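Asker: Here is the input, now give the coordinates:
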Amino acid sequence: MQLDTESVKIWLSTDLTDTLIRLAIVAVLVVLCVRIFEPFLGLMLWALILAVALYPAHQWMVRRFAMRQGRAATLLVLISVLAVGVPGFMLGGSFASQVYDFHARFKNDEITIKKPDPAVAEWPLVGKKVYASWSQAAEDLPAYLAKIKPQLTETSKKLAAVAASTAGGVFKFLGSMIIAGIMLAYGKAGSQSMQRIMSRLAGPERGVRLHSLSTATIRSVATGVVGVAFIQALLLGVGFIWAGIPAAGVWALVVLLFGIAQLPAAIVTLPAIAYIWWTGDSTMLNVVFSVYLIAAGLADNVLKPLLLGRGVDAPMPVILLGALGGMVSGGIVGLFIGAVVMAIGYQVFMDWVAEADQAGGAQGEAAPEAE
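Answerer: From the prediction side, this is the model:
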């Protein structure tokens, strides 16, 4: 008994102390690394998401044209910037310029409003109120603005801040694309390192599957949610410009945000079609614009089932719920993180269920032998 007590004292005085000191050093090191890396976290997450999403295209270029990894990555970044960055920059620039123009005109009392059509008063429920307010604004806009100026001032400031954030987001995207190109150039080594980390955490067999599931989920969300929303916003943005809709860039950006949030584009397209018929002169052109906007607004119903969840070992509702929940809690980056976490959680849970089924089956087979 004396020997056991002495052993415990020695262990407490040496081994436990050394272990606690090592844990404290590791914890301090982790905290310092996180604080140092935190300013670049958003940029690096976006770069990683883009690199994972573009990796199959990068490898196809390497095999198809017998290119080096670095050259293929550079070419792919240039193509992506031209194909995505230029239209996005144009829409973002249009949005920012229109918001700043509205803000300047509002400050200088230069905004004019056209008189409403008498048919507006016949709209159900809100027609009379809308017609009265609209008529007052058209007849004496300064007095009407003076009545609601506090609300408009706050709204215009928020819109100006959103415009500045939009311009910053465009430059952030370009920086992320450059970093993603560097990651693509060393894609194989990076993928192997991540696979080793996952294998270390979850075991050799499960780690490989979770690594593949994570990459497939990121690509699925990139194409099935963000890609579809961007394509739809681009199509509708072109249609808005073609049809002469005011603030086309703003409405295209709204469609993009609605598409990412899984809201129907009809919220924007139906008022746009009503505006076309209200202001248009040519019936034939109105029909053409309306058909185009309706078709572009319904494009996500065709593209999304084809792209979302494709190649992922998890049901599409799980991926979609994870993407939406992640976006609510963490913004656009959370869209991908939430989908990956939900997919991994679903896979781990189903593996646990399968292990229980296998254990029950093994017991059932062993029972007759015991008899």
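Asker: Contact partners for residue 206?
Answerer: With contacts taken as Cβ atoms under 8 Å, 6 or more residues apart in numbering, residue 206 has the following neighbours: residue 351. Bear in mind the C-beta positions are built from the backbone N, C-alpha and C, glycine included.
Asker: check which helix or strand covers it.
Answerer: Under the criterion of DSSP states H and E, residue 206 resides in helix 204-221.
Asker: now the helices for the stretch 1-150 of the chain?
Answerer: For the stretch 1-150 of the chain, applying DSSP state H, counting those that start in this stretch gives helices covering 2-10, 16-37, 41-65, 69-80, 86-107, 127-139, 141-185.
Asker: Worst mean pLDDT among those?
Answerer: Taking each of the helices of the stretch 1-150 of the chain in turn, the lowest mean pLDDT turns up on helix 2-10, with a mean of 61.
Asker: picking that back up, what angle do helix 41-65 and the helix holding residue 206 make with each other?
Answerer: Angle between the axes of helix 204-221 and helix 41-65 is 90 degrees (criterion: axes from the mean of the first three to the mean of the last three Cα atoms, to 10 degrees).
Asker: List of residues touching whatever helix or strand comes next after helix 204-221?
Answerer: Once helix 204-221 ends, the next helix or strand along the chain (criterion: DSSP H and E) is helix 228-243. Contacts of helix 228-243 with the rest of the structure, by Cβ under 8 Å, 6+ apart, involve 84, 87-88, 91, 248-249, 251-253, 255-256, 258-260, 265, 268-269, 272, 276, 289, 292-293, 296-297, 299-300, 303-304, 307-308.
Asker: The helix or strand following helix 228-243 packs against which elements?
Answerer: Going down the chain from helix 228-243, the next helix or strand is helix 248-260, by DSSP H and E. Other helices and strands packing on helix 248-260, by 3 or more Cβ pairs under 8 Å, 6 or more residues apart in numbering; DSSP states H and E, are helix 86-107, helix 228-243, helix 266-279, helix 316-370.
Asker: nearest to residue 204, of the ones you listed?
Answerer: Of all the helices and strands packed on helix 248-260, helix 316-370 sits nearest to residue 204, with 14.0 Å by Cβ to Cβ.
Asker: what residues go with each domain of this structure?
Answerer: For the chain, the domain assignment from automatic domain parsing gives the residue ranges 42-185, 203-350.
Asker: Tell me which of these lies nearest to residue 18.
Answerer: In terms of Cβ to Cβ, the element of these nearest to residue 18 is domain 203-350, at 28.6 Å.
Asker: average pLDDT for the closest one?
Answerer: If you average the pLDDT values across domain 203-350, you get 82.
Asker: before we move on, back to that, got the angle for the helix holding residue 206 vs helix 316-370?
Answerer: For the pair helix 204-221 and helix 316-370, the angle between their directions (the same axes, to 10 degrees) equals 160 degrees.
Asker: Mind listing what's buried along helix 204-221?
Answerer: 207, 209-211, 213-221 (16 or more other Cβ atoms under 10 Å).
Asker: Among those, which one sits closest to residue 27?
Answerer: Nearest to residue 27, judged by Cβ to Cβ, of these is residue 207 at 24.7 Å.
Asker: Contacts only, for that closest one.
Answerer: The contact partners of residue 207, by Cβ under 8 Å, 6+ apart, come to 195, 198-201.
Asker: try 10 Å
Answerer: 194-201 (Cβ atoms under 10 Å, 6 or more residues apart in numbering).
Asker: okay but residue 78 is in contact with residue 174, surely?
Answerer: No - if you go by Cβ atoms under 10 Å, residue 78 and residue 174 don't touch, sitting 11.4 Å apart.
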